[in-house]
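Engineer: Only the shape, not the letters, is given here:
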Ligand code: 13P
């Protein structure tokens, strides 16, 4: 059985004190009220990774993820964070290729491929995001766009490396807009992604790959999204910033 996962992407939100409160609140609620088998991963801003990691290691109810890494091992890249740095802080996951990184930081599939490789070389599990913008969906090009994002950034990986990545489908038109993909739209794209993985890497890897949905996922729509056979959980933005709401999503399987 592949893993069910709910990941919180806090993006660029919360002061240190607020982050401390939220992570403790989530941790306590997970200990008291977690009813699902889902693995919970929290991706706070990089400056709070140590805080989150300390709480995760004492409470043990969740794992910690970075939101981004730079595409070089080390060196003169002022302001950037490397995969090795994350690993040295016991962080095992990193979001790579979020649409906000693609849009605001011009991250191309080629750059993302380098980030994926460097993550894997440092034993960090990439949570690789793909997703189409609205005009692409309206033009009926969404499958083509997703296929290209996979081809150019993750389909070079071999069987073993691919067995260690997580895919997140995040239609850009659904992110932060309240316009969630319908369960049918999510299932259709997740099945397409899995078929493509199968073509490249075989049935076993395809069957084991966790594919998350992201884009205005909340406690009201999570169970109808997660009940689809190819939707293995969620990558949650806004709704992960409120502990009670996030726990309801975790319990939506
Ligand atoms: P929202 O849940 O706020 O739409 O964000 C989704 C997202 O981008 C998670 O990475």
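Structural biologist: In hand now; what should we look at? Just so it is clear, the structure is predicted and the values come from calculations on it, not from any experiment.

Engineer: unless I'm mixing things up, residue 31 is touching residue 58, no?
Structural biologist: No - the pair residue 31 and residue 58 fails to qualify as a contact (C-beta atoms under 8 Å) at a distance of 11.1 Å. All C-beta atoms are positioned from the backbone trio N, CA, C, and that covers glycine.

Engineer: what sits against the residue of the stretch 101-250 of the chain found nearest the ligand?
Structural biologist: Closest residue of the stretch 101-250 of the chain to the ligand, C-beta to the nearest ligand atom: residue 237 (2.2 Å). Contacts for residue 237 (C-beta atoms under 8 Å, 6 or more residues apart in numbering) come out as 9, 11, 175, 176, 214.

Engineer: Of all the residues in stretch 98-118, which ones are buried?
Structural biologist: 98-102, 107, 109, 111-118 (16 or more other C-beta atoms under 10 Å).

Engineer: no no, stretch 179-190
Structural biologist: 180, 181, 183, 185, 186, 187, 188, 189, 190.

Engineer: repeat for stretch 189-196
Structural biologist: Counting neighbours by 16+ other C-beta under 10 Å, stretch 189-196 gives 189, 190, 192, 193, 194, 196 as buried.

Engineer: Strands of the stretch 151-253 of the chain, residue ranges please.
Structural biologist: In the stretch 151-253 of the chain, the segments counted as strands under DSSP state E, counting those that start in this stretch are 166-169, 211-214, 233-236.

Engineer: packing partners for the second one?
Structural biologist: Contact analysis of strand 211-214 by 3 or more C-beta pairs under 8 Å, 6 or more residues apart in numbering; DSSP states H and E lists strand 5-9, strand 166-169, helix 183-201, strand 233-236 as its packing neighbours.

Engineer: Let's have the ones you listed in TSV, adding distance to residue 92.
Structural biologist: Formatted as TSV, these follow (distance: least, C-beta to C-beta, whole Å):
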stretch	distance to residue 92
strand 5-9	12
strand 166-169	11
helix 183-201	22
strand 233-236	16
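
Engineer: any chance of those in TSV, plus mean pLDDT?
Structural biologist: Converted to TSV, the helices and strands packed on strand 211-214 look like this (pLDDT from 0 to 100):
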stretch	mean pLDDT
strand 5-9	98
strand 166-169	98
helix 183-201	97
strand 233-236	98
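
Engineer: Identify whichever of those lies nearest to residue 91.
Structural biologist: Of all the helices and strands packed on strand 211-214, it is strand 5-9 that lies closest to residue 91, at 13.1 Å by C-beta to C-beta.
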